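**Q** I'd like to go over a predicted model; first the sequence, then the structure.
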Amino acid sequence: MENKLITRVVNRTKQRLTLRIGLHNRFTKLAVIEIGEEYKVKTGLHWTYQELTLETGIFAKKLVISTDDCFESERITIHDLPGGKLEANKVPRTQVPTSEVERTDSTWDSWFCLPQSLSLNLRFCSQDECR
C-alpha cells in the first residue's frame, strides 16, 4: 500500500485554470478547475519531485507549484493579482490527520519504513518492523 496526501487546490481567480503535471517542459493535463471550484491533488509520499502548472487561457498566465508544495500544504488557493499575475496562498499542514492519507496498493513500499523523525506522526509499519 502506498500512502498519498490530499491537497486541495482552490481556484479563486476570475477564469478557469488548467492544471498540468510534469517536469522539464513536458507536462500532461491533469484537470480543469472552474471558477470557485477546487481539485484534490493526491501526492505520493515516495514520489520524486514534479511540477504542477496552473494556466489560464488568457495571455497564458502561468503559476508553478511543486509536489513538495502539495506535501507541505493542506490547501493552496490561487488568486488574481493586479497586472494579470497569479498568486498561490498556501495553508501549511500542522499535523497530517489519517483522514488526509489515502492508501493504495503498491508492490514495493511495504519493504520501506520511514524513521520516526520523518513520519509526521503517520504509522507506516509497527515499531518492531521499523527497528
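**A** Great, that's in hand.
**Q** in this protein, which helix or strand is least confident?
**A** None of the helices or strands of the chain scores lower by mean pLDDT, DSSP states H and E than helix 127-130, at a mean of 48.
**Q** Poorly predicted segments of the chain, please.
**A** 1-2, 58-60, 95-131 (pLDDT under 70).
**Q** so G22 touches V64, yeah?
**A** No: G22 is beyond contact range of V64, at 10.5 Å (criterion: Cβ atoms under 8 Å). (C-beta placed from N, C-alpha, C; glycine too.)
**Q** Give me the common contacts of the two.
**A** With contacts taken as Cβ atoms under 8 Å, 6 or more residues apart in numbering, G22 and V64 have 51, 53 as neighbours in common.
**Q** which residues in the protein form strands?
**A** Taking DSSP state E to define them, one finds strands in the chain at 2-12, 17-23, 26-33, 38-44, 51-55, 62-66, 73-80, 86-92, 101-104.
**Q** What residues sit buried inside the third one?
**A** Okay, so that is strand 26-33. 27, 30, 33 (16 or more other Cβ atoms under 10 Å).
**Q** show me what contacts V64?
**A** For V64, counting by Cβ under 8 Å, 6+ apart, the contacting residues are 51-54.
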